[in-house]
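J.: Kindly return the folded structure for what I paste below:
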Amino acid sequence: QVQLVESGGGLVQAGGSLRLSCAASGSIFSINAMGWYRQAPGKQRELVAAITSGGSTNYADSVKGRFTISRDNAKNTVYLQMNSLKPEDTAVYYCNARGLLLHRSPFGSWGQGTQVTVSS
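T.: Numbering: from 1, shown residues only. Below you'll find the model as predicted:
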C-alpha cells in the first residue's frame, strides 16, 4: 500500500560524499516520520538518522556532523546527505516511513535498500 523507492547509493572514496533519496508513494494520508537505517555485513540494522513531519531530527552518534537528513513533505521524499564518508559507513542503507493510510490505519514501510561502499 506504501512503496518506498531509494536512489543515490554507490561507490565512493573515503572523504567523499553521496546523497540518498527516498520517495514514498501509495495510499498515504500522512507521514509522521521518515528515516534511514543501515546494515553492514554481520551486523544488526541500525538507525542512521530520522526526521519528523515537523522537522525534528535524530542522528546516530557515529554520523553526527557528517550526515544531514532532510525531507520534502509535499513530495513525500526524504534525503540523506552524507559527507566525509568513512569505510565504516559501508552498508546497505534502508529508507523507512511511518504514518497513516488514507483510511487512517497506521503503516510502516521499508525500502528495498541501496548499497553504499566507501573505499579506503
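J.: Quickly find the element holding the most centrally placed residue in the chain.
T.: By Cα atoms, centre = their mean, the chain has its centre lying nearest to Trp36, at 2.6 Å. Secondary structure from DSSP states H and E places Trp36 in strand 28-39.
J.: hey, C-alpha coordinates of that strand in PDB?
T.: Presented in PDB, the C-alpha positions along strand 28-39 are these (Å, rounded to 0.1, in the frame of the first residue of the first chain):
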ATOM      1  CA  ILE A  28      -0.800   7.800   2.100                       C
ATOM      2  CA  PHE A  29      -2.800  10.200   4.300                       C
ATOM      3  CA  SER A  30       0.200  11.500   6.200                       C
ATOM      4  CA  ILE A  31       3.800  10.500   7.000                       C
ATOM      5  CA  ASN A  32       4.800  11.200  10.600                       C
ATOM      6  CA  ALA A  33       8.400  10.200  10.400                       C
ATOM      7  CA  MET A  34      10.900   9.100   7.800                       C
ATOM      8  CA  GLY A  35      14.400   7.800   8.400                       C
ATOM      9  CA  TRP A  36      17.400   6.000   7.200                       C
ATOM     10  CA  TYR A  37      18.800   2.800   8.600                       C
ATOM     11  CA  ARG A  38      21.800   0.800   7.600                       C
ATOM     12  CA  GLN A  39      23.000  -2.800   7.900                       C
END
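J.: What's the separation between Gly42 and Thr90?
T.: According to Cβ to Cβ, to the nearest Å, Gly42 stands 12 Å off from Thr90. In this view, the C-beta of every residue, glycine as well, is placed from N, C-alpha and C.
J.: again, but for Ser119
T.: Taking Cβ to Cβ, one finds Ser119 at 8 Å from Thr90.
J.: Determine the number of other residues adjacent to the nearest residue in space to Thr77 that is not next to it in sequence.
T.: Leaving aside its chain neighbours, Thr77 sits nearest to Ala23 (4.7 Å; criterion: Cβ to Cβ, 6 or more residues apart in numbering). Neighbourhood size, Ala23 [other Cβ atoms under 10 Å]: 17.
J.: Tell me what angle whichever strand or helix holds Ala23 forms with strand 28-39.
T.: Using DSSP H and E, Ala23 sits within strand 18-26. Put simply, strand 18-26 runs at 140 degrees to strand 28-39, going by axes from the mean of the first three to the mean of the last three Cα atoms, to 10 degrees.
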